[in-house]
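Participant: any chance you could fold what I've pasted below:
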Amino acid sequence: MILIQKVPAKHALIPMGIGTALSLFGDSTLYTVLPNPDIAAQVGVSLAMVGVLLGANRFARLLFNGLVGALFDRLPRRPLMITAMCLGTLATICYALGRGPAVMLLGRVFWGAAWSGIWIGGNAIALDISNDSNRGAITGRLQMWFSLGLALTSFTGGLFTDLFTYRGGLWVSAGLGVLGFLTWLFFLPETRPNSHQRPATSEGSKGFYFSFPWKDAIISGLPLFAVRFSFHGILNSTTILWLSRYIDNGITVGGITLLLATFTGLVSAARILVGTASAPLLGALSDLGKRRWVVLALLFLAGAIGMVLMGLPWLGISLIGALFAALTSGTVPAISAALVGDKVSPEQQSRGLGLIYTFGDLGATLGPVIALTLVPIIGIPKVYLIGAGMYTIIMVQAAVMALTRMRQEKSLA
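Facilitator: Predicted coordinates for the structure are as follows:
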């Protein structure tokens, strides 16, 4: 049994959550405003290239996740997390300076490496400070911090652009990244098990590839692939185009006129807040009898319905659909991480996290490219039906897994 230096959850989660949120400003700005043709022209890239840029960091993480997972299984958490934050700030500086694909792609690669460290490390810390009875709740709380940060940065990405221009807003975001670095430098505790307390594993005799529970990790990663493809890939990269179907340059609400970029950020923030509120609640619900697959099946049903509604020509119904789809954005990643904690031994959990996030990043890499390539050809509604179809497939998978678990429990009773 591994003895872990127990750190109270709030002592780790609060600084980790604050730093994670502050790291997101630059990336969220790109997702919010770069698909706007006027902004893309300032950067010197085509709309198709925007899709490549928005997916490039995820493609980079396909390469980085395995290495980062192995590092977090072997080295202390704190220095790796702080290094990742530095890389993330460097990425935002590249966006602020860049014109043309080369520098922008370099920044996206930096951000890919940074986010591998921030997110794999953050979830490894969440598993360090949790146990079988609260794993879903703790990973849900981490996801809540991430979603709060994403909601804030999605809104401010558009707002900063309208207030300070595209490049000026990115320099503000880089400064906030430095603040995140300082937060972790002074307040983030070390939670990794002491190396001298870690028992010898079977990896030495059997090898990692034979001892690692590949099947369990892959099954746990499929829901994450679907969410990252449909929500973080398709929906996030087309939000400004989706809203432009209903409004032109802006909308007046309560006598206040909101420009399109700001309104896009506001809608993105509202959508993400739904995921923020649901993650800790539904994560804790999945802890009850470990009914994680039942919760996942219901979430993907709601998400599929939501994406269908988003393709309809009425703004009010489409906005309701966006909120339904948003239910998956927070809880599914939290439950996927909890599934790794359930099935993978502690000394291999960071590599398990690296594997499921590789699935997620593959989906998020494909999503923007497919969406922004197909939108001019088949239109937003049909692209959203593709996302709904992906959700339906995973809903069936989750339902089958839930029924299989119930049968196993009944046979053991």
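Participant: ok, R405 - how many residues close by?
Facilitator: By the criterion of other CB atoms under 10 Å, R405 has 16 neighbours. Every residue, glycine included, has its C-beta placed from N, CA and C.
Participant: pretty sure it sits against G289.
Facilitator: No: the pair R405 / G289 is not scored as a contact, 9.4 Å apart, by CB atoms under 8 Å.
Participant: return every residue with contacts to both of those two.
Facilitator: Any residue near both R405 and G289 by CB atoms under 8 Å, 6 or more residues apart in numbering counts here, and not one turns up.
Participant: quick one, strands of the protein?
Facilitator: 250-253, 256-259 (DSSP state E).
Participant: how much space separates M144 from L176?
Facilitator: Spatial separation of M144 from L176 under the definition CB to CB, to the nearest Å is 20 Å.
Participant: neighbour count for the two, which is higher?
Facilitator: Taking M144 and L176 together and counting by other CB under 10 Å, M144 has the greater number of neighbours (23 against 19).
Participant: distance of A371 from V50?
Facilitator: When distance is defined by CB to CB, A371 is 11 Å away from V50.
Participant: the more surrounded of the two?
Facilitator: A371 (27 against 24).
Participant: quick one: contacts for that one?
Facilitator: If a contact means CB under 8 Å, 6+ apart, then A371 has G51, G233, I234, S237, T238, V383 as its contacts.
Participant: could you redo the last one with a cut-off of 7 Å?
Facilitator: Remark: with contacts taken as CB atoms under 7 Å, 6 or more residues apart in numbering, A371 is in contact with G233, I234, S237, T238, V383.
Participant: next: S116.
Facilitator: Under the criterion of CB under 7 Å, 6+ apart, the neighbours of S116 are R61, F64, N65, V68.
Participant: 8 Å instead, please
Facilitator: Taking CB under 8 Å, 6+ apart as the definition of contact, the neighbours of S116 are R61, F64, N65, V68, A84, G354, Y357.
Participant: can you report how many residues neighbour the fourth one?
Facilitator: V68 is flanked by 27 other residues according to other CB under 10 Å.
Participant: how near is it to S336?
Facilitator: As defined by CB to CB, V68 lies at a distance of 17 Å from S336.
Participant: mean pLDDT for the strands of the chain: which is lowest?
Facilitator: Averaging pLDDT over each of the strands of the chain singles out strand 250-253 as the lowest, with a mean of 62.
Participant: re the thing from before, overlap in contacts of A371 and V50?
Facilitator: With CB under 8 Å, 6+ apart as the test, A371 and V50 both reach S237.
Participant: S350 reaches L67, doesn't it?
Facilitator: No: counting by CB under 8 Å, S350 stays clear of L67, with 10.9 Å between them.
Participant: of these two, who's got more company?
Facilitator: Neighbours of S350 and L67, each counted by other CB under 10 Å, are more numerous for S350; the result is 28 against 13.
Participant: pLDDT below threshold where in the stretch 101-250 of the chain?
Facilitator: Scanning the stretch 101-250 of the chain for pLDDT under 70 picks out the ranges 193-210, 249-250.
Participant: which stretches of it form helices?
Facilitator: With DSSP state H, counting those that start in this stretch applied, the stretch 101-250 of the chain shows helices at 101-128, 135-187, 203-206, 208-211, 214-227, 236-243, listed in chain order.
Participant: for K215, see how far away the residue lying closest to I380 once chain neighbours are set aside is.
Facilitator: Among residues not flanking I380 along the chain, W242 sits closest, at 5.5 Å (CB to CB, 6 or more residues apart in numbering). Distance check for W242 against K215: by CB to CB, it reads 37 Å.
Participant: which one's more surrounded, the two?
Facilitator: Neighbours around W242 and K215, counted as other CB under 10 Å, are more numerous at W242. The numbers are 21 against 9.
Participant: hmm, that one is touching M310, no?
Facilitator: Yes: applying CB under 8 Å, one finds W242 in contact with M310, separated by 6.9 Å.
Participant: shared neighbours of these two, anything?
Facilitator: The contact sets of W242 and M310 overlap at L235, S318 (CB under 8 Å, 6+ apart).
Participant: from one end of stretch 334-350 to the other, what's the distance?
Facilitator: Using CA to CA, to the nearest Å, the span of stretch 334-350 from its first residue to its last is 15 Å.
Participant: rounded mean pLDDT for it, please.
Facilitator: Mean per-residue pLDDT for stretch 334-350: 84.
Participant: also stretch 300-309?
Facilitator: For stretch 300-309, the mean confidence score works out to 93.
Participant: for K6, give me the pLDDT.
Facilitator: At K6, the predicted lDDT confidence score is 60.
Participant: ugh, typo on my part, it should be G88
Facilitator: At G88, the predicted lDDT confidence score is 95.
Participant: was I right to think it contacts V109?
Facilitator: No: taking CB under 8 Å as the definition, G88 is not a contact partner of V109, at 11.9 Å.
Participant: and these two? which has more neighbours close in?
Facilitator: Set G88 next to V109 and count neighbours by other CB under 10 Å: G88 wins out with 28 against 20.
Participant: and that one, how far is that from L80?
Facilitator: Shown here: G88 relative to L80, a distance of 13 Å by CB to CB.
Participant: tell me the most buried of the helices of the stretch 101-250 of the chain?
Facilitator: Here the criterion is mean neighbour count by mean count of other CB atoms under 10 Å, and of the helices of the stretch 101-250 of the chain the winner is helix 101-128, at a mean of 24.
Participant: next, the angle helix 135-187 makes with that one.
Facilitator: Orientation check (axes from the mean of the first three to the mean of the last three CA atoms, to 10 degrees): helix 101-128 against helix 135-187 gives 110 degrees.
Participant: how far off centre is helix 101-128?
Facilitator: Between the centre of helix 101-128 and the centre of its chain there are 11 Å (CA atoms, centre = their mean, to the nearest Å).
Participant: kindly report the same for stretch 321-329.
Facilitator: 14 Å.
Participant: then stretch 359-369?
Facilitator: Shown here is stretch 359-369, whose average C-alpha point lies 11 Å from the average C-alpha point of the whole chain (CA atoms, centre = their mean).
Participant: residues contacting it, please?
Facilitator: Counting by CB under 8 Å, 6+ apart, the neighbours of stretch 359-369 from elsewhere in the structure are 50-52, 54-56, 58-59, 61-62, 65, 218, 221-222, 224-230, 232-234, 236-237, 333, 336, 387.
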